[in-house]
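> Fold the following.
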Amino acid sequence: MDDEITVSNIDKLKEFAMLIVREQRIDDILAKPQINRTELYKYYGAERARKWISAGMLRPACQNGKRSTTYFDHKKVIELANKSFHQFIKRNEKEI
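Predicted coordinates:
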């Protein structure tokens, strides 16, 4: 019986540790002032990001004068993501 309790507690502790690591990674990503194109596509969806760029709602930004990698203002990306999420919710409310 003690072995089952210990294994159960260890599993819960592992889950808790993984949750903390996951949240820390998210905080690290959101804390970045600029995000490159690969990260933009990975975290916010390639199709949605391409629409923002082609519509002119999101423009590349320079990072310390470097032009080898395309960077975007992360605050603007978060703002656009929140707007599109709220538009999605409004659209679904109308259907109900």
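
> Check the burial of Lys12 by counting its neighbours.
10 (other Cβ atoms under 10 Å). Where C-beta positions appear, they are placed from N, C-alpha and C, glycine not excepted.

> Could you look up the SS state of it?
Secondary structure assignment for Lys12 (DSSP: H, G, I helix; E, B strand; the rest coil): helix.

> tell me what the strand or helix carrying Ile29 is packed against?
In this assignment (DSSP states H and E), Ile29 forms part of helix 2-31. With contacts defined as 3 or more Cβ pairs under 8 Å, 6 or more residues apart in numbering; DSSP states H and E, helix 2-31 has no helix or strand neighbours.

> Buried residues, that helix. List them.
Buried positions in helix 2-31, judged by neighbour count with 16 or more other Cβ atoms under 10 Å: none.

> Downstream of it, the next helix or strand is which one?
That would be, after helix 2-31 and using DSSP H and E, strand 34-36.

> That following strand pairs with which strands, and in what direction?
When pairing is defined by DSSP bridges, strand 34-36 lines up against strand 66-73 (antiparallel).

> per-residue confidence averaged over the strand it pairs with?
Per-region confidence: strand 66-73 scores 77 on mean pLDDT.

> likewise stretch 50-60?
Mean predicted lDDT for stretch 50-60 stands at 90.

> Quick one: end-to-end length of it, please.
End-to-end distance for stretch 50-60, by Cα to Cα, to the nearest Å: 12 Å.

> what residues does that stretch touch?
Ala49, Thr70, Tyr71, Phe72, Asp73, Lys76, Val77, Leu80 (Cβ atoms under 8 Å, 6 or more residues apart in numbering).

> So which bits of that stretch are buried?
For stretch 50-60, by 16+ other Cβ under 10 Å, it's Trp52, Ile53, Leu58.

> Would you double-check that the last one falls in a strand?
No - counting by three-state DSSP, Leu58 is not found in a strand; it is coil.

> Could you measure from Ala81 over to Ile10?
37 Å (Cβ to Cβ, to the nearest Å).

> Flag the shaky bits of the protein, pLDDT-wise.
Residue ranges of the chain with pLDDT under 70: 1-5, 26, 63-68, 85-96.
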